[in-house]
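1. got a structure for you, letters missing:
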């Protein structure tokens, strides 16, 4: 399996090709992650990992379009980002975006009428929200992740009280 670790930092995913803009990282390839195309051929990777990276980049839509270009059909994207109600989403001055569990729906079938932003389509494999420890221990995290309607209710009405920590997305390029 050929894996691209975008914004790999110093902890590159084992066996992956790391790409980052910072020469002080474990990157195999240095490039500006806000300028496209990245220096790889179309359909080069089985998996693209962007762990705590997407919130730093200038254009989320163009970045996902670039990931789509780099993925083989059936390939997967793993994204991890702070939930917009977590303190870490706002305390880092390099964060440009504050995302929630519906932020990538423009690329799916349920595009909420906004599918015209991009012609790229991705299938949502999973969305997992991690909550602050207290709420996890009380079982609230289980409810948020087990029931999509409850997640929507939480995201619309409760997330400023029962705060999120991190969102993990897995998206697939359709075959």
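-> Thanks, I have the structure now. Model, not experiment: these values are computed from the prediction.
2. Show me the longest helix that occurs in the chain.
-> Counting residues, the longest helix in the chain under DSSP state H turns out to be helix 60-70.
3. Show me what counts as buried in the worst-scoring helix or strand of the chain on mean pLDDT.
-> Counting by mean pLDDT, DSSP states H and E, the chain has its least confident helix or strand at helix 87-91, which shows a mean of 91. For helix 87-91, burial by neighbour count (16 or more other CB atoms under 10 Å) applies to residue 89. Quick note: C-beta positions are derived from backbone N, CA and C, even for glycine.
4. Against which helices or strands is it packed?
-> With contacts defined as 3 or more CB pairs under 8 Å, 6 or more residues apart in numbering; DSSP states H and E, there are no secondary structure elements packing on helix 87-91.
5. Other residues contacting that helix?
-> Counting by CB atoms under 8 Å, 6 or more residues apart in numbering, helix 87-91 makes contact with 55, 82-83, 95, 98, all of which sit outside it.
6. Where do the strands of this protein begin and end?
-> Assigned by DSSP state E, the chain shows strands spanning 3-6, 17-20, 29-30, 45-51, 71-82, 123-131, 164-172.
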